[in-house]
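Peer 1: Turn this into a structure:
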Amino acid sequence: MKKLFIVLAALGAQAAVFAQSPSPAPSPNDVEVLRQQVQALTETVKALQQQVKEQQDTLAKMNPEPGTLAANQSPAATPQPAASAPPLFPTTDESVVASAPQSSAPPAPNSPAAVPVNGSFPTTDASVTTSPETISSTGAGASLTAPITIAGGGKTYMNLSFDSVFSLAYSSDRDLDQLEVGDHDPQQRGFNARNAEIALDGAVDPYFEGFANIVLKLNNDNETEIELEEAFMQTTDLPWGLQVKGGQFFSAFGRINPTHPHTWDFADDPLVHGRFLGSDGLRGVGAQISWTVPVAWYSQFVFGVQNGRGNTGYSFRNPGDNGVFYGRLTTDREARGLQDFVYVPRWENSVDLSPTQTILAGVSGAFGSNDTGANTRTQIYGADLLYKWKSPRAEGGFPFVKWQSEAMYRRFEAGRGVDDSFPVAETFHDWGMYSQIIWGFKKGWTAGVRGDYLHMEDSAFTDDPARQSRSRVSGDMTWYPTEFSKIRLQYNHDFLEANDFLAAREADSLFFQFEFILGAHGAHKF
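Peer 2: Below is the predicted model:
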């Protein structure tokens, strides 16, 4: 193309010279020479035009237009999956405290596209400080919170992000790892690196998308541990509001369990969640189906089935530490049939109380066998409530108030263990709850308070520190300098009640937490 422009410019220059400079009448020889030159230049231009056309054809083959069809091809010749209809109520929340423009990339796990019903109350939050004015310095208009796309584009893509959370901890209790109930909580006095997460998501094909979360952490001996937290695929185009998921994933139980630690409003796990669903949360390999009900408000049924084995199936087929759980030698058996899987149903509903207020309520269950006896069972029931208010004059999602509560009840049949080695069989009726309020009082700043209570039924036979009733009061202050970093200060006061084996005691803990993100995580459940 550049050669063509040069040739045309030369011709123009020669024409201008001839027009401005008088010359004697050309001889027949001069006319013939000029005619030959013009013919040669014409052939050159035609050759260049052919080269340009061939290059354009090559580029068109390398980058076909998604909607381009051949002249003789019907649009129905290549079926494309229909886009899922947006839910009637937005249910994605990329973080707890800010509104952000929607990304063009497909939604992340468990996140239906969030489109506010009334148009005045956005509930999809990219981060605590993201605003529509946060634009890339490249001038291309891309949001700074767009994920790092490392392969493909358009309908085929793969995004990558890295999130790392560190904490500096002090506690009056020397055994902080026994005081805290979550595996990603601070575990020792001093510095802790309990959650460094690599997240990937992408389009598998036009019908499925995939997600993976790989977590690295340092134990108290500074040794690296790696876990495959989640790795699953889910459908993108099923009709009638259906979606199917399969792989390794968090169970859809309550509010805290399906989320990752870096999204929590506090630095540690609520007591009832860690003691009933386990230090790593209830998750495992399995399948799940969800149905968004076609009603005037957001309503969804979810039903999952998973192996429920090991520490991630804490109250179920969990062999315990060194083969002992609640004082019993465990059977650690293979699944004998469908009765040994864990079944997790959930039903959640959400409505707008006003253009600035939203409420979401859900009920959950988890049912399966446990390893303390040949035929012992566990049942867990849960109820949760979320209320959120945002100012109609919010800037970047501030100010806002969010109140979240969960309550759980567990019926645990504790058998006599292997060979009936434990003196008695018992049935424990345990319950607990937490309630927390987060106030986003200034752009990038939040303050929160949380109360926990855990009641573990007393036993004259079962001597296990995990069965000690207790309560906790927590307060924190969080600053988000940008959407890619977070700094948090948190204080805990723990009350541990006396039982037949353990004395009452209290403990004070202080955590300084800091986090950074490379790339951007996909949306999490609202």
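
Peer 1: shouldn't Q243 be in contact with S290?
Peer 2: Yes - between Q243 and S290 there is a contact under Cβ atoms under 8 Å: 5.0 Å. The C-beta positions use only the backbone N, C-alpha and C, and glycine is treated the same way.

Peer 1: where does the stretch 101-250 of the chain dip in pLDDT?
Peer 2: 101-155 (pLDDT under 70).

Peer 1: shaky segments in the stretch 251-400 of the chain?
Peer 2: Judged by pLDDT under 70, the stretch 251-400 of the chain has no weakly predicted residues.

Peer 1: just so I have it, where are all the strands in it?
Peer 2: For the stretch 251-400 of the chain, applying DSSP state E, counting those that start in this stretch gives strands covering 283-292, 298-306, 324-325, 328-329, 342-354, 357-369, 377-395, 398-414.

Peer 1: tell me which element Q39 is part of?
Peer 2: helix 28-62 (DSSP states H and E).

Peer 1: quick check: mean pLDDT across that helix?
Peer 2: Taken as a whole, helix 28-62 has an average pLDDT of 76.

Peer 1: by contact count, what packs against that helix?
Peer 2: helix 2-20 (3 or more Cβ pairs under 8 Å, 6 or more residues apart in numbering; DSSP states H and E).

Peer 1: From what I see, E426 and S459 are in contact.
Peer 2: Yes - E426 is in contact with S459 according to Cβ under 8 Å; the separation is 6.0 Å.

Peer 1: for the helix holding Q39, which positions count as buried?
Peer 2: Applying a neighbour-count criterion of 16 or more other Cβ atoms under 10 Å, the buried positions in helix 28-62 are L48.

Peer 1: likewise stretch 505-513?
Peer 2: For stretch 505-513, using 16+ other Cβ under 10 Å, the buried residues are 507, 509, 511-513.

Peer 1: Just list the residues touching the closest residue to A169 other than its chain neighbours, thanks.
Peer 2: Nearest residue to A169 in three dimensions, chain neighbours excluded: P186, at 3.7 Å (Cβ to Cβ, 6 or more residues apart in numbering). For P186, the contact set (Cβ atoms under 8 Å, 6 or more residues apart in numbering) comprises 167, 169, 176, 180, 192, 194, 267-268, 509, 511.

Peer 1: Among these, which ones are in strands?
Peer 2: Among the contacts of P186, the ones falling in strands (DSSP state E) are 167, 169, 192, 194, 509, 511.

Peer 1: gap between the closest residue to V363 other than its chain neighbours and E348?
Peer 2: Leaving out its chain neighbours, the residue that sits closest to V363 by Cβ to Cβ, 6+ apart is A383, at 5.2 Å. Relative to E348, A383 is positioned 11 Å away (Cβ to Cβ, to the nearest Å).

Peer 1: anything in contact with each of those two?
Peer 2: Common neighbours of A383 and E348 are listed as 361-363 (criterion: Cβ under 8 Å, 6+ apart).

Peer 1: who wins for neighbours among the residues you listed?
Peer 2: If you count neighbours using other Cβ atoms under 10 Å, the busiest of the shared contacts of A383 and E348 is G362, which has 21 neighbours.

Peer 1: hmm, back to that, how about a markdown table for the strands of the stretch 251-400 of the chain, with distance to G210 added?
Peer 2: Formatted as a markdown table, the strands of the stretch 251-400 of the chain follow (distance: least, Cβ to Cβ, whole Å):
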| stretch | distance to G210 |
| --- | --- |
| strand 283-292 | 15 |
| strand 298-306 | 18 |
| strand 324-325 | 34 |
| strand 328-329 | 39 |
| strand 342-354 | 21 |
| strand 357-369 | 25 |
| strand 377-395 | 28 |
| strand 398-414 | 29 |
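
Peer 1: Out of the ones you listed, indicate the one that is most buried.
Peer 2: Highest mean neighbour count of these: strand 328-329, a mean of 23 (counted as mean count of other Cβ atoms under 10 Å).

Peer 1: in its sheet, what does that one sit against?
Peer 2: Here strand 328-329 has these sheet partners by DSSP bridges: strand 324-325 (antiparallel).
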